[in-house]
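S.K.: sequence first, predicted coordinates after that:
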Amino acid sequence: MVLTLGIILTSIVVAASITWALKLLNWLWFKPKKLEKFLREQGLNGNPYRPFLGDLKDLIRVKRAKQQRSIKLMSDDTLQHIFMYYHQTLTKYGKNSFIWFGPWPRLNVADPELIKEILNKPDVFQKPLPETGKILAGGILFLEGEKWAKHRKIINPAFHLEKLKNMAPAIGVSCSNMVEKLKAMVSSSNEDWCEIDIWPYLEDLTGDVISRTAFGSNHEEGSKIFQLQREKAKLTLQLLQLSFIPGWRYLPTKTNRKVKATANELHSLLRGIIDKRLKAMERGEAIPADDLLGILLESNSKSNQEHGNKNAGMSIEDVIEECKLFYFAGSETTSSLLVWTMVLLCQHPEWQTQAREEVMRVFGNSEPCFEGLNQLKTVTMILQEVLRLYPPTPLIVRGSTETVKLGNLTIPRGVHLTLLIGLLHNDPEIWGNDAKDFKPQRFSEGVSNATKIQSSFIPFSSGPRICIGQNFAMIETKLALAMILQHFSFELSPSYLHAPSSMLTLQPQFGAPMILRSLE
Ligand code: HEM
């Protein structure tokens, strides 16, 4: 009897082990090899699959080597620098190529029509974000299907133009606080100029703006949240490299433990802000009910009233996830746009002068306001050209949920697609032979006349999942830039090292030290 039970148990264990081993073998070898064969038969090229890490080891090596160097500001290898590994792959294997992210092949896509097709079918081409992406922030950016549609519908009104117009004064307060800090720095030096790394000031500014406008929270709360978000982003990037291993993030490694601790602290801080707002609402205090947090909480109260109706609104956990996302998405991207705009205006002082003249013509010495922003034609052209050359999100990733046709290709489930926005924006076949040059005048007749193919300018993505905050970002950037131009002229410090680095957004790896001269 005992013997029989022993045999049965052993058989179960052996059968389970064999099944598990076969699954692992399939995941690590048979499936990737099958996908590789399928892709090669269609004329697509890339390195042969190497089990487990694929091309990741090379990718990390190239990235590390890149981190140790800067490039010449005027040279045209900015793109190579940003997309070094992709660039090497494209040079070696051509436009139709792929890179191995662990056992998943990722197809490089820089064709505007294909990108448009992918972005217009969000149900088919979803975000293949490994679980690690979700540690960084949950929220709408990472949702799919019905839940995404529900959240987008709830959040959309917070970004209507009328709401944005009402937010402009609060954005103005953050901008003038930053300008005052910069002025104090300049006046504390004995000259009328001062060398300042402008990057942390711009990061603080965009963080402060989102804290104030979306959450009505103060600067101290906001900065603590950002500090934690940045820490988490840094740790997440380390994790991303191993994120293709299922369950990796649950192992008790040092990084995983740190991520968890940071996430918990962040969660309780946000919970604190939410509770404060809920109490103020209960007391009937006059608080902005139609800022983002107000809208999210209203949806939560609707969900409570219609108990059981899961389509009614958001849970408090949903609200917290959205808060985390907006603190992140609302700041990192806009600070990136601002910093590269200032760098390029240093490199092209004639455009800095033109932009300043326009700002002075429209606003004089008064504080810039929402109503005047429409008249900033030169500033708009400059920002569009910066978004073309230095897109804050230089690539985005999708994966197919089923075997699907894409142009002439058939994309099986399990193949990921890297949409190379940065390369698309720099393609000489689309933008002309001067594609690599900073020429804001190409946008003088609007986006549709700047390029042969309309869908080739997509700094904010396109299709149903286009950036929800694009108007917000443009208003904020214009207000901030206008104020900076009114008060200072700026040039790059001799210590500036040009090293655009694509972390999650495009950032200046060694900061942006500039010489600011007071114009007063
Ligand atoms: C220059 C500034 C910005 C740029 C270049 C930018 C770019 C983008 C891009 C490329 C996407 C698509 C990502 C993907 O589908 O994988 C996106 C989505 C998104 N952005 Fe922005 N963004 C900017 C500013 C903002 C701001 C200020 C906010 C919020 C206040 C914001 C909130 C979002 C959200 C919530 C999504 C997800 C939308 C969805 O999936 O439905 N962004 N952004």
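M.R.: On my side now, so go ahead. Not measured: the values here are computed from a predicted model.

S.K.: excluding chain neighbours, what is closest to the closest residue to the ligand within the chain?
M.R.: Nearest residue of the chain to the ligand: Gly469, at 2.2 Å (Cβ to the nearest ligand atom). Placement of C-beta: from N, CA and C, glycine included. For Gly469, ignoring the flanking residues on the chain, the nearest one in space by Cβ to Cβ, 6 or more residues apart in numbering is Gly330 at 5.9 Å.

S.K.: which element is the one you found on?
M.R.: helix 316-347 (DSSP states H and E).

S.K.: got the phi and psi for Ser400?
M.R.: Main-chain dihedrals, Ser400, degrees, to the nearest 10: phi -90, psi 140.

S.K.: ok, it - how many residues close by?
M.R.: By the criterion of other Cβ atoms under 10 Å, Ser400 has 22 neighbours.

S.K.: check what pLDDT it gets.
M.R.: At Ser400, the model reports a pLDDT of 90.

S.K.: number the residues from 537 up from this point.
M.R.: Sure, I'll start numbering at 537, so the last one becomes Ser936.

S.K.: how much space between it and Ile676?
M.R.: According to Cβ to Cβ, to the nearest Å, Ser936 and Ile676 sit 21 Å apart.

S.K.: now do Arg597
M.R.: For Arg597, the distance to Ile676 - Cβ to Cβ - is 35 Å.

S.K.: can you check Glu818 too?
M.R.: Remark: distance between Glu818 and Ile676 (Cβ to Cβ) = 27 Å.

S.K.: and for Asn656?
M.R.: The gap separating Asn656 from Ile676 is 18 Å, by Cβ to Cβ.

S.K.: neighbour count: the two, which is higher?
M.R.: For Asn656 versus Ile676, neighbours defined as other Cβ under 10 Å are more numerous around Ile676 (22 against 14).

S.K.: and for that one, nearest residue in space, chain neighbours not counted?
M.R.: In space, Ile676 comes closest to His687 once its chain neighbours are excluded; the distance is 4.6 Å by Cβ to Cβ, 6+ apart.

S.K.: still on that earlier bit, let me know the next secondary structure element after the helix holding Gly866.
M.R.: As assigned by DSSP H and E, the chain's next helix or strand after helix 852-883 is helix 885-899.

S.K.: distance from that next one to the middle of the chain?
M.R.: Centroid separation between helix 885-899 and its chain, computed with Cα atoms, centre = their mean, to the nearest Å, is 29 Å.

S.K.: same question, stretch 926-937
M.R.: Here the centre of stretch 926-937 is set off from its chain's centre by 9 Å, with Cα atoms, centre = their mean.

S.K.: tell me where the model's unsure across the stretch 537-686 of the chain.
M.R.: In the predicted model, the stretch 537-686 of the chain carries pLDDT under 70 at residues 537-539, 604, 608-612, 665-673.

S.K.: stretch 981-994 - what's its average pLDDT?
M.R.: Averaging pLDDT along stretch 981-994 yields 92.

S.K.: right, is it up against the ligand?
M.R.: No: using Cβ under 6 Å from any ligand atom, stretch 981-994 stays clear of the ligand, with a minimum separation of 7.3 Å.

S.K.: list the buried ones in that stretch?
M.R.: In terms of neighbour count (16 or more other Cβ atoms under 10 Å), stretch 981-994 has its buried residues at 986-987, 991-994.

S.K.: likewise stretch 911-927?
M.R.: For stretch 911-927, the neighbour count (16+ other Cβ under 10 Å) marks 912, 914-927 as buried.

S.K.: so for it, mean pLDDT?
M.R.: Averaged across stretch 911-927, the pLDDT comes to 98.

S.K.: same question, stretch 802-817
M.R.: Mean predicted confidence for stretch 802-817 is 90.

S.K.: now swap in stretch 719-738 and tell me
M.R.: pLDDT averaged over stretch 719-738 gives 94.

S.K.: in three-state terms, label the nearest residue to Ser747 once chain neighbours are set aside for me.
M.R.: Distances taken as Cβ to Cβ, 6+ apart put Gly758 closest to Ser747, at 3.0 Å, once the chain neighbours are dropped. Three-state call for Gly758 (DSSP: H, G, I helix; E, B strand; the rest coil): helix.

S.K.: give me the neighbour count for Gly758.
M.R.: Neighbourhood size, Gly758 [other Cβ under 10 Å]: 23.

S.K.: can you pull the residues of the chain lying near the ligand?
M.R.: Neighbours of the ligand within the chain, by Cβ under 6 Å from any ligand atom: 676-677, 688, 746, 862, 865-866, 869-870, 873, 928-929, 932, 995-997, 1001, 1003-1005, 1008-1009.

S.K.: whichever of those end up buried, select them in PyMOL.
M.R.: The buried residues among the residues of the chain next to the ligand can be selected in PyMOL (16+ other Cβ under 10 Å) with this line:
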select buried, resi 676+677+746+862+865+866+869+870+873+928+929+932+995+996+997+1001+1003+1004+1005+1008+1009
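
S.K.: picking up where we left off before, isn't the residue of the chain closest to the ligand up against Ser867?
M.R.: No: contact between Gly1005 and Ser867 fails when scored by Cβ atoms under 8 Å: they sit 10.1 Å apart.

S.K.: and the helices in the stretch 887-1036 of the chain, which stretches?
M.R.: Residue ranges of the helices in the stretch 887-1036 of the chain, as given by DSSP state H, counting those that start in this stretch, are 906-909, 913-925, 957-960, 964-967, 983-986, 1006-1023.

S.K.: please export the C-alpha coordinates of the last one as CSV.
M.R.: Right, the one you point to is helix 1006-1023. Provided in CSV are the C-alpha atoms of helix 1006-1023 (Å, rounded to 0.1, in the frame of the first residue of the first chain):
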residue,chain,number,x,y,z
GLN,A,1006,-0.2,67.0,-25.4
ASN,A,1007,-2.0,70.3,-25.2
PHE,A,1008,-1.1,70.6,-21.5
ALA,A,1009,2.6,69.9,-22.3
MET,A,1010,2.6,72.5,-25.1
ILE,A,1011,1.0,75.2,-22.9
GLU,A,1012,3.4,74.5,-20.1
THR,A,1013,6.4,74.5,-22.3
LYS,A,1014,5.4,77.8,-24.0
LEU,A,1015,4.7,79.6,-20.8
ALA,A,1016,8.0,78.4,-19.2
LEU,A,1017,10.1,79.2,-22.3
ALA,A,1018,8.4,82.6,-22.7
MET,A,1019,9.3,83.6,-19.1
ILE,A,1020,12.9,82.3,-19.4
LEU,A,1021,13.3,84.3,-22.6
GLN,A,1022,11.9,87.5,-21.1
HIS,A,1023,14.4,87.4,-18.2
